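Engineer: Please work out how this folds:
(chains A, B and C)
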Amino acid sequence: MKVLEIKNLKKRYGEKEIIKGISFEMEKGETVVVIGPSGTGKSTMLMCINRLTEPDAGEIYLNGKQITGSKHPEVFRQKIGMVFQEFNLFNHLTVLNNVMIGPMRVKKFSREKAENVAKENLKRVGLELQMHAYPAQLSGGQKQRVGIARALAMEPDLILFDEPTSALDPELVGEVLEVIKKLAKEGMTMLIVTHEIGFAKDVADRIIFMENGEIIEEGIPSVMLNSPSQERTRQFLAKFMEGR
Amino acid sequence: MINFINVFVNAFPFLMNGLVFTMELALSSIAIGFVIGIIVGISRSYGKRFSYTLSTIFVEVIRGTPLLVQLFIFYFAFPQIGISLSPITASIISFSINSGAYQAEYIRGAIQSVDTGQMKAALSIGMTKWQAIMRIVMPQALIKVIPSWTNEFVYLIKYTSVAYLVGVPELMAEGEFVASRNFEFMNVFLSVAIIYLAIVMIITWGFSRIEKMVRMPGV
Amino acid sequence: MDFLSTLKVLLDGTIVTVELTVTSFIIAFSMAIVVSLAQVYGNTPLKVIATIYERILRSIPLLVVMFILFFGLPSFGIRFDPFTAAILSLGLCSSAYQSQIFRGAILSVPKGQILAAQSIGMNGRQTFFHITLPQALRFAVAPLTNEFTIVLKDTSFAYALGVTELLREGTYIVSTTYEPLLIYLFCAAIYFTVTFSTNTVVKRVEKKFALPGFEFRGERA
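Structural biologist: The predicted model follows:
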């Protein structure tokens, strides 16, 4: 069954066309990683999927229901988790409350039930001991794991990751990637924008290469990373390997 | 409406006379207050124990008490110790001291927001602390303080209206004088309000021009 | 007039001063919330109206507003006693300043906080009440405390309308004792005590309830 379908998505800012007609689909349980040079519309595309950014054209479906054009995008957002590059944890709430607030205020769970859901998901990311801390007291890696728990607590059908490790110190990247890998194994459907090619190779069922607002090429990691069919993909990967 | 225009036109010459006093009060107070503010601001930032404590007490006491009470002390109470001041002198003194305390805080805030690296760099090339303050820190701090000055000047123009209560013939007093003769209280005080509004708008605009002119990249 | 009865009169005045302050501050607070919401979330006409309201009231001296309300409005058949006129004027003027405080506080909630709230499916109202408002109020505490002490000091203007607040009571005693220096310094001391203790108490409370990342940022310069 298709969890996500995107048909001919377009977005422009003023004169500049950021996304020039993107289409792809995701199956349930699939982990898709999007790679490509900075500033090619990868993050904008993610934001369009849950309509935090309003797309200009195209259709997006979640489980066969159309998100685009709906008057209540918040209904779909409950089913689509999002993990931000800058974490965006709610600064005025404890770790536990950060994760609870969605189930309690949006899904209208009782406080007790919401608390249980939250604790369970904090355990999944290994942060049950920090639940009474405030975001300002956590390391970057811990913050991002809370961000993931917050998304998980809504029991989403799909989680979007917007460069989840780009704002982290190098030594903190590993703990976050481990959590995402674990989720992949558990069969979570995930769409991940990242610059960590090695991680993409490990975790992805499929890799999409995007450049200048277009999908250049997509395929399974072993093929995509070792023998891409497009020259532009090859160039990007070569540059990337050099940089290592 | 026609009535209002009549009242406004008839009151206008009186109100303009008042405005001259208002501006005189505000301008001299902001200027004298600036001198006080610089001295107190620097000693709050860099002073040794004695000057720091003294300047802090000054700022706290002045900012913790109403301007009107300060004015009454200078005008009504000082004669008791043999110092009689004219309404205008008493007003200018109390407004300057009051504004000095506020300006000191603006200047202190601006000094603090200048990178401590600037001070270290100045000392590292052999400047004395005093040279570093005057040549490196203050020029940057003073540019940062300009938006606060706009506010302070606007405050002063508005607060000079209390000088009316000790008999300075400024804008407010002239309004009261006209209104008590033609009994057009509403129209006269609205006219007064419009003149204050116009003056404040002109000043805000003027200062934002100045701010743009003296802006330096990165400061 | 002996010391004790002088003290009693001044304390009576202080009570009126505090009444004026608290009442007008509360009125201003409620009006300011409305004005700042209009400024941040309103449609264009609302924004324009709210901004004009704020600009005008921030440009006119409190004393002029008091005189318009107290001496001007009776020509439209609206009469206030001095106390009410003073409260309304203080409230109007302070509401303009407080709306600026709230607007700044709302706008200083980072954009990412709102995106995150939307990403878990919160609608506009939920986002405002659960995320934006609680953070904005914390940002507003320090400047609001400062504004409270400004209102307290400005209540002395009610002297001009004949409200028997602290300064008016002080002047009354001066007129019978001819001790202006002593009495006015005493008035100043009372004002100072109230503003100083307000600041101290708020700082204490704020410290006690401080959240990491939301430390008391001190008075607005």
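
Engineer: hang on, isn't C:Lys47 packed against C:Gln39?
Structural biologist: Yes. The criterion here is C-beta atoms under 8 Å, and C:Lys47 meets it with C:Gln39 at 5.8 Å. For the C-beta atoms, the positions are set from N, CA and C on the backbone; glycine is no exception.

Engineer: which of these two has more neighbours?
Structural biologist: Each of C:Lys47 and C:Gln39 has its neighbours counted (other C-beta atoms under 10 Å in any protein chain shown); C:Gln39 has more, 22 against 14.

Engineer: Retrieve the pLDDT associated with that one.
Structural biologist: Per-residue pLDDT puts C:Gln39 at 95.

Engineer: what helix or strand is it on?
Structural biologist: helix C:3-41 (DSSP states H and E).

Engineer: helices and strands around that helix, which ones?
Structural biologist: Applying 3 or more C-beta pairs under 8 Å, 6 or more residues apart in numbering or on different chains; DSSP states H and E, one finds that helix C:3-41 contacts helix C:44-59, helix C:82-107, helix C:133-154, helix C:166-177, helix C:180-208.

Engineer: That one to helix C:166-177, inter-axis angle?
Structural biologist: Taking axes from the mean of the first three to the mean of the last three C-alpha atoms, to 10 degrees, one finds helix C:3-41 and helix C:166-177 inclined to each other by 160 degrees.

Engineer: Now do the buried residues in helix C:3-41.
Structural biologist: C:6, C:9-10, C:13-14, C:16-17, C:20-21, C:23-25, C:27-29, C:31-32, C:35-40 (16 or more other C-beta atoms under 10 Å in any protein chain shown).

Engineer: Below-threshold pLDDT in chain B: ranges please.
Structural biologist: Counting by pLDDT under 70, chain B has low-confidence residues at B:218-219.

Engineer: Would you mind extracting the C-alpha trace of the longest helix along chain A into PDB?
Structural biologist: If you go by DSSP state H, chain A has its longest helix at helix A:170-186. As requested, the backbone C-alpha atoms of helix A:170-186 are provided in PDB (Å, rounded to 0.1, in the frame of the first residue of the first chain):
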ATOM      1  CA  PRO A 170      30.400  15.400  14.900                       C
ATOM      2  CA  GLU A 171      30.700  13.300  18.000                       C
ATOM      3  CA  LEU A 172      26.900  13.500  18.600                       C
ATOM      4  CA  VAL A 173      25.800  12.400  15.200                       C
ATOM      5  CA  GLY A 174      26.100   8.700  15.900                       C
ATOM      6  CA  GLU A 175      23.600   8.500  18.700                       C
ATOM      7  CA  VAL A 176      20.900  10.100  16.500                       C
ATOM      8  CA  LEU A 177      21.600   7.900  13.500                       C
ATOM      9  CA  GLU A 178      21.400   4.800  15.700                       C
ATOM     10  CA  VAL A 179      17.900   5.700  16.800                       C
ATOM     11  CA  ILE A 180      16.800   6.300  13.100                       C
ATOM     12  CA  LYS A 181      18.400   2.900  12.100                       C
ATOM     13  CA  LYS A 182      16.500   1.200  14.900                       C
ATOM     14  CA  LEU A 183      13.200   2.800  13.600                       C
ATOM     15  CA  ALA A 184      14.000   1.600  10.100                       C
ATOM     16  CA  LYS A 185      14.400  -1.900  11.400                       C
ATOM     17  CA  GLU A 186      11.000  -1.600  13.200                       C
END
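
Engineer: what about A:Gly69, is that helix, strand or coil?
Structural biologist: Three-state call for A:Gly69 (DSSP: H, G, I helix; E, B strand; the rest coil): coil.

Engineer: Show the pLDDT at the closest residue to it other than its chain neighbours.
Structural biologist: Once flanking residues are discounted, A:Gly69 sits nearest to A:Glu59: 8.0 Å by C-beta to C-beta, 6 or more residues apart in numbering or on different chains. On pLDDT, A:Glu59 comes in at 95.

Engineer: doesn't A:Ser70 make contact with A:Glu59?
Structural biologist: No. Taking contacts as C-beta under 8 Å, A:Glu59 lies outside contact range of A:Ser70: 11.1 Å.

Engineer: Point me to the residue of chain A nearest chain B.
Structural biologist: Using C-beta to the nearest C-beta, the closest approach of chain A to chain B is made by A:Ala136 at 22.1 Å.

Engineer: Report the separation between that residue and B:Pro147.
Structural biologist: Going from A:Ala136 to B:Pro147 by C-beta to C-beta, to the nearest Å gives 29 Å.

Engineer: Figure out the helix or strand that B:Leu15 lives in.
Structural biologist: helix B:2-46.

Engineer: quick one: contacts for residue 135?
Structural biologist: No chain was given, so I picked chain A. A:87, A:89-91, A:93, A:95, A:98, A:143, A:146, C:212-213 (C-beta atoms under 8 Å, 6 or more residues apart in numbering or on different chains).

Engineer: oops, chain B please
Structural biologist: Contacts of B:Arg135 (C-beta under 8 Å, 6+ apart): B:122, B:127.

Engineer: Distance of it relative to chain A?
Structural biologist: Per C-beta to the nearest C-beta, to the nearest Å, B:Arg135 is found 38 Å from chain A.

Engineer: where does that residue land in three-state SS?
Structural biologist: helix.

Engineer: Quick check: buried residues in the strand or helix carrying A:Met241?
Structural biologist: Here A:Met241, judged by DSSP H and E, is contained in helix A:231-243. Neighbour counts over helix A:231-243 (16+ other C-beta under 10 Å) mark A:232-233, A:236-237 as buried.

Engineer: go on, stretch C:73-88?
Structural biologist: Using 16+ other C-beta under 10 Å as the test for burial, stretch C:73-88 gives C:73, C:80, C:82-83, C:85-88.

Engineer: any idea how far stretch A:12-21 is from the chain center?
Structural biologist: Distance, stretch centre to chain centre, for stretch A:12-21: 21 Å (C-alpha atoms, centre = their mean, to the nearest Å).

Engineer: So it, near chain C or not?
Structural biologist: No. Figure legend: stretch A:12-21 not in contact with chain C (C-beta under 8 Å from any C-beta of the partner chain); closest approach 15.9 Å.

Engineer: on that earlier part again, need the next SSE after the helix holding B:Leu15, C-terminal direction.
Structural biologist: Downstream of helix B:2-46 (by DSSP H and E), the next one is helix B:49-64.

Engineer: That next one - contacts with which helices or strands?
Structural biologist: So helix B:49-64, by 3+ C-beta pairs under 8 Å, 6+ apart, packs with helix B:2-46, helix B:87-113, helix C:180-208.

Engineer: CA atoms only: put the helix holding A:Met241 into PDB for me.
Structural biologist: C-alpha atoms of helix A:231-243 as PDB (Å, rounded to 0.1, in the frame of the first residue of the first chain):
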ATOM      1  CA  GLU A 231      26.600  12.000 -14.900                       C
ATOM      2  CA  ARG A 232      25.300  14.600 -12.400                       C
ATOM      3  CA  THR A 233      24.900  12.000  -9.700                       C
ATOM      4  CA  ARG A 234      28.400  10.700 -10.400                       C
ATOM      5  CA  GLN A 235      29.800  14.200 -10.100                       C
ATOM      6  CA  PHE A 236      28.000  14.900  -6.800                       C
ATOM      7  CA  LEU A 237      29.200  11.600  -5.300                       C
ATOM      8  CA  ALA A 238      32.800  12.100  -6.600                       C
ATOM      9  CA  LYS A 239      32.900  15.600  -5.000                       C
ATOM     10  CA  PHE A 240      31.500  14.200  -1.900                       C
ATOM     11  CA  MET A 241      34.000  11.400  -1.600                       C
ATOM     12  CA  GLU A 242      36.800  13.900  -2.200                       C
ATOM     13  CA  GLY A 243      35.600  16.000   0.600                       C
END
